[in-house]
Structure formats: C-alpha cells, structure tokens
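Chemist: what follows is a predicted protein model with its sequence.
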Amino acid sequence: MKIVTLVKHVPDAAADRTFDADYITDRAGVEGLLSELDEYAVEEALKVADAGAGVEVVALTMGPGGADAAVRKALQMGADSGVHVVDEALHGSDAPATAQVLAAAIAKIGDVDLVLTGMASTDGGMGVIPAMLAEHLGLAHVGYVGELTVSGGTVTCRRDGDAASETIEAALPAVVAVTDQINEPRYPSFKGIMAAKKKPVRAWTLADLGVDAARVGLDAAFSVVRAVTRRPERSQGQIVTDSGDGGTKLAEFLAARKFI
C-alpha cells in the first residue's frame, strides 16, 4: 500500500509576515516550518503504516527552494521518501493551479492507494485543495475526518459535526482530509532525525510532470491582489477604575458598543 501525504512549508505564524512587491507572501524573509495542520495528516499516515506491513508513506510538497524542509520534517517523523515540486514558474500559483500540479505529481508517483491531507494550510486557510485534488484525480474525497481506519480496499471515516457524527466509507484509492482532532503528532526522535538524512527526496519540475507553465503562476491566477494595508497597531484599552460604581461603568461601556 502506498500513501501520499501533502505537506506545506508555511511562514511561521509567530513571525512578522510581509508581502513581496507583487503582493505574494514573502517566504524568503521569514522563518518557515511544516504547516501544523499537515502534521496530523503525516501522523495518520504513519499510524496506518505502523498498523500493517508493506505500507509506504511518501511526503509531497510544492514550493520554492527551501520548501523541502517540510518534507524533511515528515521524513524525520517517519515517512519513507519525499517529493518536492519546485519551478520558478510556480511563483504566485493559486489553489486551482496548485491542485493541478499536485495531482500531476501524485500521478507520476504512481500506484497511490490513499492521499492524506490536513484540512487547510495555516497560511492560506482555504481548505479547498483536497476536493480540487480529488476532482483532478477522479477519486472519492472525504473531508474534515476525525477518525479513520483502512481495511482491505476501503477507508472508513468518522466526521464530527455540531449536532451529530457520521461514518463514511470510500473505496480506495481516495483523498481524505483530516482535522486536528484525529491524533497527536509524534515528535521526531534523534534516531528519526538521523535516518531522515539518508531518505530520498526527489525534485521535480513542471517539465517532469508534463504541466504547461502557462497554466500556473501569478499570470494564470484567477484572482489578483492589487493592494495590501498593514493592520494598525493595537491601541491601549479603556481602564475602568472601580470606586464602587465599577459595575455601572462596565455596563455603560458594553451598552455603548451594543454588546448588551
């Protein structure tokens, strides 16, 4: 069995994130890391591998030079190999272009039984790639999964809603997006970190995937950012001194802002 798990290298949310001159997120001037939500997909792939023999886990990413650090983290956690799709023409690619390229990479990897993803990336937060990817590949898609089991040629998923939970079965191969409630991602061990240095990471370009460069990148994007305004600094809040009438002042403050 072969599982592909998508991993994305994103800017650290705790850093001062900015944009390049073309209003694309600056990824070179800020520390990056494996998207936290993707760690759950990697962990779930490794749990499936731990439960049965003969399971191969491949970590796949698309991004500029340095984005393979996300793949390396997945390898340190226990994935067997990695693929980094890197090409200058990909700069500024939107979600439809990203899904197209990732689908071509999965097809090139070949004989994939299960594609696991996080429910969204922590930088874009759109959560549309899994469904788009499944459409390109012609596979079933199950999203927002909180529990899954693989048995034979079927993946059984539990999805929790506000009022109820539902169980969904899909024939393999399939694309499954998991939530951050599905597991607790493992920390890479020293042994895992050392072993990851010897694991193969293939670098593929658009030409390797047979994808037309004119269909990706900023010029092919369906939406364009024209301007960016930095969020204003937070101002000091109002201090209410309680001299016996603190409750009244608080109520007046809330009422003036129509909170009560």
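Modeler: Okay, I see it. Residues are numbered from 1 along each chain as shown.
Chemist: so how far is Val42 from the residue nearest in space to the middle of the chain?
Modeler: With distances taken as CA atoms, centre = their mean, Ser121 lies nearest the centre of the chain, 3.7 Å away. In this structure, Ser121 and Val42 are 14 Å apart, going by CB to CB, to the nearest Å. Bear in mind the C-beta positions are built from the backbone N, C-alpha and C, glycine included.
Chemist: got the contact list for the residue nearest to the centre of the chain?
Modeler: Contacts for Ser121 (CB atoms under 8 Å, 6 or more residues apart in numbering) come out as Lys8, Val10, Ser35, Leu37, Asp38, Ile129.
Chemist: hang on, the first one packs against Glu36?
Modeler: Meaning Lys8. No: between Lys8 and Glu36 there is no contact under CB atoms under 8 Å: 10.2 Å.
Chemist: those two - which one has more neighbours?
Modeler: Lys8 (25 against 14; other CB atoms under 10 Å).
Chemist: if we can go back for a sec, so which of the contacts of Ser121 sit within helices?
Modeler: Secondary structure assignment by DSSP state H places Leu37, Asp38, Ile129 of the contacts of Ser121 in helices.
Chemist: the second one touches Ala70, doesn't it?
Modeler: Read it as Asp38. Yes: using CB under 8 Å, Asp38 is in contact with Ala70, at 7.2 Å.
Chemist: between these two, which contacts overlap?
Modeler: With CB under 8 Å, 6+ apart, Asp38 and Ala70 have common neighbours Val7, Lys8.
Chemist: helix, strand or coil for the residue lying closest to Gly192 once chain neighbours are set aside?
Modeler: Closest residue in space to Gly192, ignoring its immediate chain neighbours: Gln76 at 4.9 Å, by CB to CB, 6 or more residues apart in numbering. When classified by DSSP: H, G, I helix; E, B strand; the rest coil, Gln76 comes out as helix.
Chemist: what about Gln76, neighbour count?
Modeler: For Gln76, using other CB under 10 Å, the count is 23.
Chemist: contacts only, for it.
Modeler: Counting by CB under 8 Å, 6+ apart, Gln76 makes contact with Pro188, Gly192, Ile193, Ala195, Ala196.
Chemist: again with Val175
Modeler: Val115, Thr117, Pro130, Ala131, Leu133, Ala134, Leu137, Leu139, Ala140, His141, Val142.
Chemist: show the buried residues in the residues you listed.
Modeler: Buried by 16 or more other CB atoms under 10 Å: Val115, Thr117, Pro130, Leu133, Ala134, Leu137, Leu139, Ala140, His141, Val142, out of those.
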